[in-house]
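Participant: Quick one: sequence and predicted model below, then my questions.
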Amino acid sequence: MCSASIAGRLGIHLNCLPPARKVNAPFDLIMKSGVTIEVKATTHKCVKKGRTPYYRWDVSSQSEMLKGNRPIADYWVFLIADFPRETSRTPRVVQVFDTKNWKCYVVSGEQLRTAGCTKYVSESTLRRLGVEAFPLGELKKKFNH
């Protein structure tokens with residue numbers, strides 16, 4: 001699944017300006033208020049031998065922004081897809097963009113930069129920064145407060 005299509009759906013949900021993503025732009029979305037948002041999505045758990053599986057997002061393509069060498073998005077939205085498991089032999093149609101199938105974390109770009117993240121951001125990174133997960137359906141409230 002492409003983060004760009006998810007970002008596009010989020011842009012509609014958050015009533016952002018029409019998408020005009022440029023290659024190497026420091027953000028995916030611009031709200032009408034001028035707030036910029038970078039979107040990262042994952043459905044895959046990382047597994048290290050002998051450890052509990054965890055979610056992780058690759059941010060290496062934004063490492064120059066995170067190092068302070070380029071402007072950074074005001075906020076980063078990290079999304080985790082949590083699709084229902086198959087319980088029968090009959091395939092189930094999953095509504096990929098249904099907000100109940102996603103949870104998210106929101107962190108400021110500066111907070112992420114200060115944390116020194118330039119390759120990966122994991123759930124433990126976000127917890128260390130005091131960022132709590134919440135249902136995607138509540139995202140609009142986070143940006144309209």
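Facilitator: Right, received. Where do you want to start?
Participant: Could you list the low-pLDDT ranges of this structure?
Facilitator: 1-4, 19-24, 83-97, 99, 145 (pLDDT under 70).
Participant: let's see 90
Facilitator: Confidence mapping of the chain against pLDDT under 90 gives the ranges 1-34, 41-71, 80-103, 117-118, 122-124, 135-145.
Participant: Of all the helix elements in it, which one is longest?
Facilitator: helix 3-13 (DSSP state H).
Participant: What segments of this protein are strands?
Facilitator: 29-30, 36-42, 45-46, 54-58, 75-81, 102-108, 120-122, 134-135 (DSSP state E).
Participant: Turn those into JSON lines, including distance to Arg128 and mean neighbour count.
Facilitator: C-beta: built from backbone N, CA, C; applies to glycine. Shown next, in JSON lines, are the strands of the chain (distance: least, CB to CB, whole Å; neighbours: other CB atoms under 10 Å):
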{"stretch": "strand 29-30", "distance to Arg128": "26", "mean neighbour count": "22"}
{"stretch": "strand 36-42", "distance to Arg128": "17", "mean neighbour count": "21"}
{"stretch": "strand 45-46", "distance to Arg128": "17", "mean neighbour count": "12"}
{"stretch": "strand 54-58", "distance to Arg128": "13", "mean neighbour count": "17"}
{"stretch": "strand 75-81", "distance to Arg128": "14", "mean neighbour count": "23"}
{"stretch": "strand 102-108", "distance to Arg128": "11", "mean neighbour count": "19"}
{"stretch": "strand 120-122", "distance to Arg128": "9", "mean neighbour count": "17"}
{"stretch": "strand 134-135", "distance to Arg128": "18", "mean neighbour count": "14"}
